[in-house]
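Participant: sharing a sequence plus its predicted fold:
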Amino acid sequence: MDKNKIYSLLGLCTKAGKLKSGEFAVEQAIKSGQARLVIVSKDASDNTKKKFHDKCDFYKVQMFSFGDKDSLGHAVGKDVRTSLAITDDGFAKTLAKDLLSEEQYGGNVNGKN
């Protein structure tokens, strides 16, 4: 799996208005039920990873650890981003499939939906 494909999809999500980025916006998307999939950068702090893992677990949102802050930010046309929420089912399904094949160890932090 090509990481560039995932970054391109994240860019498409942004252009389509189906992506929330930044800690506060992602948290709101999870709580409001808008988030279909959450991505947290691999270089996020342990505290941030735990916070989103717990939130995603509680609200039954699929979560992946992928990329780094700079690359995720660049992909969505922003500065560094540690967390992204996809709010569209189609994009979420495609990204989940690609992220699962990207990660050697299954990639899914909090289990299947």
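Facilitator: Yep, that arrived.

Participant: can we go C-alpha only for contacts and neighbour counts from here?
Facilitator: OK.

Participant: identify the residues contacting the residue nearest the centre of the chain.
Facilitator: The chain has I39 as the residue nearest its centroid, 1.8 Å off, counting by C-alpha atoms, centre = their mean. I39 makes contacts with M63, F64, S65, F66, S83, L84, A85, as judged by C-alpha atoms under 8 Å, 6 or more residues apart in numbering.

Participant: list the buried residues of the least confident helix or strand in the chain by mean pLDDT.
Facilitator: The helix or strand of the chain with the lowest confidence, counting by mean pLDDT, DSSP states H and E, is helix 89-102 at a mean of 93. Residues of helix 89-102 classed as buried by neighbour count (16 or more other C-alpha atoms under 10 Å): F91, A92, L95, A96, D98, L99, E102.

Participant: just to check, the fifth one is in contact with I6?
Facilitator: Yes. D98 sits in contact with I6 when judged by C-alpha atoms under 8 Å, with a separation of 6.8 Å.

Participant: and of the buried residues of helix 89-102, the nearest to D2?
Facilitator: Nearest to D2 among these, counting by C-alpha to C-alpha, is E102 at 7.5 Å.

Participant: low-confidence ranges in the protein?
Facilitator: The chain contains residues with pLDDT under 70 at 1, 103-113.

Participant: what's the helix or strand for the residue nearest to the centre of the chain?
Facilitator: strand 37-40 (DSSP states H and E).

Participant: can you give me how far that strand is from the chain middle?
Facilitator: The chain centroid and the centroid of strand 37-40 are separated by 2 Å, computed with C-alpha atoms, centre = their mean, to the nearest Å.

Participant: what's the answer for stretch 76-90, then?
Facilitator: For stretch 76-90, the distance to the chain centre is 6 Å (C-alpha atoms, centre = their mean).

Participant: pull the CA atoms of stretch 88-101 into PDB?
Facilitator: C-alpha atoms of stretch 88-101 as PDB (Å, rounded to 0.1, in the frame of the first residue of the first chain):
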ATOM      1  CA  ASP A  88     -18.100  10.600   5.500                       C
ATOM      2  CA  ASP A  89     -18.900   6.900   5.400                       C
ATOM      3  CA  GLY A  90     -17.500   6.300   1.900                       C
ATOM      4  CA  PHE A  91     -14.200   8.100   2.700                       C
ATOM      5  CA  ALA A  92     -14.000   6.300   6.000                       C
ATOM      6  CA  LYS A  93     -14.500   2.900   4.500                       C
ATOM      7  CA  THR A  94     -11.900   3.500   1.800                       C
ATOM      8  CA  LEU A  95      -9.400   4.900   4.300                       C
ATOM      9  CA  ALA A  96      -9.900   2.100   6.800                       C
ATOM     10  CA  LYS A  97      -9.200  -0.500   4.100                       C
ATOM     11  CA  ASP A  98      -6.100   1.300   3.000                       C
ATOM     12  CA  LEU A  99      -4.900   2.000   6.600                       C
ATOM     13  CA  LEU A 100      -5.400  -1.700   7.500                       C
ATOM     14  CA  SER A 101      -3.300  -2.800   4.600                       C
END
